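Asks: Test case, fold it:
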Amino acid sequence: MERLLIRWVINLAALYVAVGTGWLSGIEAGNTTVVGFMVMALVFTVVNAFLRPILKLLTCPMILLTLGLFTLVINAFLFWLTGWIGNLLPGGYGYDIENVLWAFLGALLVSVVNTVLTLVFKEELKGPRRKKD
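Replies: Residues are numbered from 1 along each chain as shown. Next up, the predicted model:
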């Protein structure tokens, strides 16, 4: 449970950098409150936890053929899907993406921030160690 909470906080920070800072002008948040970003991060965490493994399994030949670059397409799709699902929720917790390029750049920025923060919290994400008898 603690690992899921840490993953949610990492996704919260990554989505804030990609959507909330305004660095990417083609992505506009519907709800810029703290609660809005918290809900957006929750949707992003759930979408990634359930759909990413399925999509990677289904597109495994394409991922191998492109030497892993197709995962960037999967990331862009999941980033777009998170915004779309968030817009369906009451309160407009999603974000609008101008076109595919902005979805790709947003997903790339989220991936970079996510990777850096995952390295920072590497020990916490490993979970408790079991003692050897």
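Asks: which residues does the residue nearest the centre of the chain contact?
Replies: For the chain, residue 44 is the residue whose C-alpha lies nearest the centre (CA atoms, centre = their mean; 5.1 Å). When contacts are counted by CB atoms under 8 Å, 6 or more residues apart in numbering, residue 44 is found next to 11, 15, 78-79, 82. C-beta here means a position set from N, CA and C on the backbone, and glycine is covered the same way.
Asks: Kindly recompute the last result at 7 Å.
Replies: Applying CB atoms under 7 Å, 6 or more residues apart in numbering, we find residue 44 in contact with 11, 15, 82.
Asks: same check, this time on residue 118
Replies: Neighbours of residue 118 in contact, by CB under 7 Å, 6+ apart: 10, 125.
Asks: Let's verify residue 93: helix, strand, or coil?
Replies: coil (DSSP: H, G, I helix; E, B strand; the rest coil).
Asks: Need phi/psi at it.
Replies: Dihedral pair for residue 93: phi -90, psi 10, per degrees, to the nearest 10.
Asks: In this structure it contacts residue 85, no?
Replies: No: with contacts counted by CB atoms under 7 Å, residue 93 stays clear of residue 85, the gap being 8.8 Å.
Asks: What's the local residue count around residue 76?
Replies: 22 (other CB atoms under 10 Å).
Asks: Okay, and it sits in which element?
Replies: Element membership for residue 76, per DSSP states H and E: helix 70-88.
Asks: same thing with residue 96?
Replies: Per DSSP H and E: strand 95-97 holds residue 96.
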